[in-house]
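Asks: Please find the sequence and the predicted model below.
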Amino acid sequence: MTDRSDYVGHQDSAKTPVRDSRYDRPPPLPQEGTPLLALWKRPDTAGFELVERAMPAMGSDDVLIRVHRTGICGTDLHIESWDPWAAGAVDAPLVPGHEFSGEVVEVGSRVEGIPVGAAVSGEGHLVCGTCRNCRSGRRHLCRHTRGLGVNLDGAFAEYVVLPATNVWVHGDQVTPDLGALFDPLGNAVHTALSFPILGEDVLITGCGPIGLMAIAVCRVAGARNIVATDVVADRLEKALAVGADRVVDVSKERVADAQAELGMLEGFDIGLEMSGQAAAASELIENLNTGGKVALLGLPSTNIEIDWTKVITRMITIKGIYGREMFDTWHHASAMVDHSPELRHALESLVTARFPLGSWQAAFDTARGGAAGKVLIDWTDTRDVVITGVVDELAPVAARAATAA
């Protein structure tokens with residue numbers, strides 16, 4: 001049988017199918033076709049509905065997960081508002097959501113290394129496995145990637161089905177809240193560790209949740225000076241709390257001022273662009289040392305003009321980042337979280353709002369307001385749930401995957 005040791009985390013307990021002690025009740029044993037609660041996205045209209053739908057079907061290589069927490073990210077807000085990007089990219093109708101933590105309740109007959117009861121999260125990029133990049137071990141570069149909650153039914157539901165190859169088993173230090181952060185944490189880890197960071201001076205532009213995670217990761221990874229920029233006072237304050245040495249409100253001062261204050265004479269060694277703002281990218285490049293390196297994660301809404309003469313003559317390296325390396329990023333994230341109490345504390349401090357399922361709309365409104373850190377929905381708390389419909393036109397997950405392929 002296929003060895004999945006490079007696909008799932010923490011294999012030591014692979015042959016011990018015991019329930020995780022973090023959960024104080026036995027895992028439910030649902031049957032296929034049993035109704036479950038889910039947020040539902042219909043095409044061509046804004047908003048979600050909380051509906052009852054059939055339990056998703058699972059195949060012999062799949063894992064059924066009881067969802068405990070879900071995080072709300074920018075992608076989910078685009079899908080809820082059904083903006084032009086969502087209309088062109090999302091295969092609605094479907095269940096959205098891709099940031100989650102939960103508990104394994106059933107595994108397919110060919111699944112090994114993932115015990116029932118394990119605390120897990122999941123890689124939301126499902127790859128083909130047969131293209132050149134996949135066959136060369138570069139699965140994060142698959143040209144045929146399908147996204148959980150974008151092209152396939154996602155995690156905004158009481159249960160989600162994932163291929164075993166996409167399931168990540170957590171260590172004992174990971175709480176349900178922290179597990180729900182592993183998808184965006186993976187983005188931060190992938191960006192921050194794109195270049196050797198030990199002893200380097202790092203500039204991070206943009207202090208949204210992923211930017212803040214990147215600050216915490218750089219601190220744990222041994223960066224020398226970390227400077228972070230934004231224009232929101234609360235975000236800059238949080239940046240200091242999670243590990244930045246100096247913050248810059250770029251509406252009032254320049255990055256060069258921070259360099260002088262820190263005694264930096266030659267510019268930053270590494271820049272992490274997390275904001276998607278043209279001005280941020282330009283100022284980042286302006287303040288790099290010769291031979292500096294840039295990782296770009298923030299998605300711009302307009303084209304960004306780059307001074308390519310400066311990039312060439314200063315021999316600057318620029319790398320685009322999308323998602324997580326499968327599964328090196330997950331290994332790195334787990335290792336740091338498991339062994340660094342400081343990182344765990346920093347990450348958990350970014351969860352500023354948690355809502356029961358019945359208040360899912362308030363959760364989205366809070367996330368859209370932009371003032372909060374990371375907003376989570378607790379799918380184990382079903383108080384005051386109001387169901388607005390029943391969905392019976394769903395194709396099983398496996399069938400939808402086959403159709404999409």
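Replies: Thanks, I have it. Numbers count the residues shown, from 1 in each chain.
Asks: can you pull out the helices in the stretch 1-150 of the chain?
Replies: 74-81, 84-89, 132-135 (DSSP state H, counting those that start in this stretch).
Asks: List the buried residues of the last one.
Replies: This points to helix 132-135. Residues of helix 132-135 classed as buried by neighbour count (16 or more other Cβ atoms under 10 Å): N133, C134. All C-beta spots, glycine's among them, are computed from the backbone N, C-alpha and C.
Asks: Now do it: everything it contacts.
Replies: Counting contacts by Cβ atoms under 8 Å, 6 or more residues apart in numbering, the residues outside helix 132-135 that touch it are V127, C128, G129, R139, L141, C142, R143.
Asks: Show me how far it is from its chain's centre.
Replies: On the basis of Cα atoms, centre = their mean, to the nearest Å, helix 132-135 sits 23 Å off its chain's mean C-alpha point.
Asks: could you dump it to PDB, C-alpha only?
Replies: Coordinates of each C-alpha in helix 132-135 appear next as PDB, following Å, rounded to 0.1, in the frame of the first residue of the first chain:
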ATOM      1  CA  ARG A 132       5.100  17.500 -14.500                       C
ATOM      2  CA  ASN A 133       5.300  19.600 -11.300                       C
ATOM      3  CA  CYS A 134       3.300  17.100  -9.300                       C
ATOM      4  CA  ARG A 135       5.400  14.100 -10.500                       C
END
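Asks: just to revisit the earlier point, looking at the helices of the stretch 1-150 of the chain, spot the one closest to I377.
Replies: helix 74-81 (10.2 Å; Cβ to Cβ).
Asks: Restrict that closest one to CA atoms and write it as CSV.
Replies: Provided in CSV are the C-alpha atoms of helix 74-81 (Å, rounded to 0.1, in the frame of the first residue of the first chain):
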residue,chain,number,x,y,z
GLY,A,74,-10.5,37.5,2.2
THR,A,75,-11.4,34.8,-0.3
ASP,A,76,-14.6,34.0,1.7
LEU,A,77,-15.5,37.7,1.8
HIS,A,78,-15.2,37.9,-2.0
ILE,A,79,-17.4,34.8,-2.4
GLU,A,80,-20.0,36.1,0.1
SER,A,81,-20.3,39.5,-1.8
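Asks: so how far is it off the chain centroid?
Replies: 14 Å.
Asks: now do stretch 150-167
Replies: On Cα atoms, centre = their mean, the centre of stretch 150-167 falls 14 Å from that of its chain.
Asks: Equivalent analysis for stretch 237-251, please.
Replies: Using Cα atoms, centre = their mean, the offset of stretch 237-251 from its chain centre is 22 Å.
Asks: now swap in stretch 74-94 and tell me
Replies: Worked out by Cα atoms, centre = their mean, stretch 74-94 lies 17 Å from the chain centre.
Asks: and what of stretch 359-377?
Replies: Relative to the centre of its chain, stretch 359-377 is centred 16 Å away, using Cα atoms, centre = their mean.
Asks: Show me the contact partners of it.
Replies: Here stretch 359-377 has contacts from 39, 48, 50, 69-72, 76-77, 80, 156, 177, 180-181, 184, 209, 212, 232, 234, 238, 349-357, 384, using Cβ under 8 Å, 6+ apart.
Asks: Which of those residues fall within strands?
Replies: Among those, the ones falling in strands (DSSP state E) are L39, L50, R69, T70, G71, V351, T352, A353, R354, F355, P356.
Asks: And for the first one, the neighbour number?
Replies: L39 has 27 neighbouring residues, counting by other Cβ atoms under 10 Å.
Asks: Now, of the ones in strands among the contacts of stretch 359-377, which are buried?
Replies: For the ones in strands among the contacts of stretch 359-377, buried by 16+ other Cβ under 10 Å: L39, L50, R69, T70, G71, V351, A353, R354, F355, P356.
Asks: Skipping its backbone neighbours, what lies nearest the first one in space?
Replies: Distances taken as Cβ to Cβ, 6 or more residues apart in numbering put F156 closest to L39, at 3.9 Å, once the chain neighbours are dropped.
Asks: One more: the fifth one?
Replies: Beyond its immediate neighbours in the sequence, the residue positioned closest to G71 (Cβ to Cβ, 6+ apart) is E99, lying 3.5 Å away.
Asks: what's the burial count for A87?
Replies: A87 sits with 13 neighbouring residues when counted by other Cβ under 10 Å.
Asks: From W82, how far off is the closest residue in space to it that isn't next to it in sequence?
Replies: Leaving aside its sequence neighbours, A87 sits nearest to D44 (Cβ to Cβ, 6+ apart; 7.5 Å). D44 sits 7 Å away from W82, going by Cβ to Cβ, to the nearest Å.
Asks: So between these two, which is more surrounded?
Replies: Remark: of D44 and W82, W82 carries more neighbours, 19 against 8, as counted by other Cβ under 10 Å.
Asks: Helices of the stretch 251-400 of the chain, start to end?
Replies: With helices called from DSSP H, counting those that start in this stretch, the stretch 251-400 of the chain shows them at 255-261, 278-286, 308-313, 328-339, 341-348, 360-369, 397-404.
Asks: ok, how many other residues are close to the nearest residue to K310 once chain neighbours are set aside?
Replies: Sequence neighbours aside, I285 is the residue nearest to K310 in space, at 6.4 Å (criterion: Cβ to Cβ, 6+ apart). Neighbour count for I285, taken as other Cβ under 10 Å: 22.
Asks: can you check G74 too?
Replies: Count around G74 with other Cβ under 10 Å applied: 15.
Asks: so what pLDDT did it get?
Replies: pLDDT recorded at G74 is 91.
Asks: What residues does it make contact with?
Replies: No contacts exist for G74 under Cβ under 8 Å, 6+ apart.
Asks: What's the separation between it and G323?
Replies: In terms of Cβ to Cβ, G74 sits 14 Å off from G323.
Asks: And for V174?
Replies: Counting by Cβ to Cβ - V174 and G323 are separated by 20 Å.
Asks: Between those two, tell me which one has more neighbours.
Replies: V174 (27 against 18).
Asks: Now do the same contact list for the more buried one.
Replies: Contacts of V174 (Cβ under 8 Å, 6+ apart): S101, A119, F182, S334, V337, D338.
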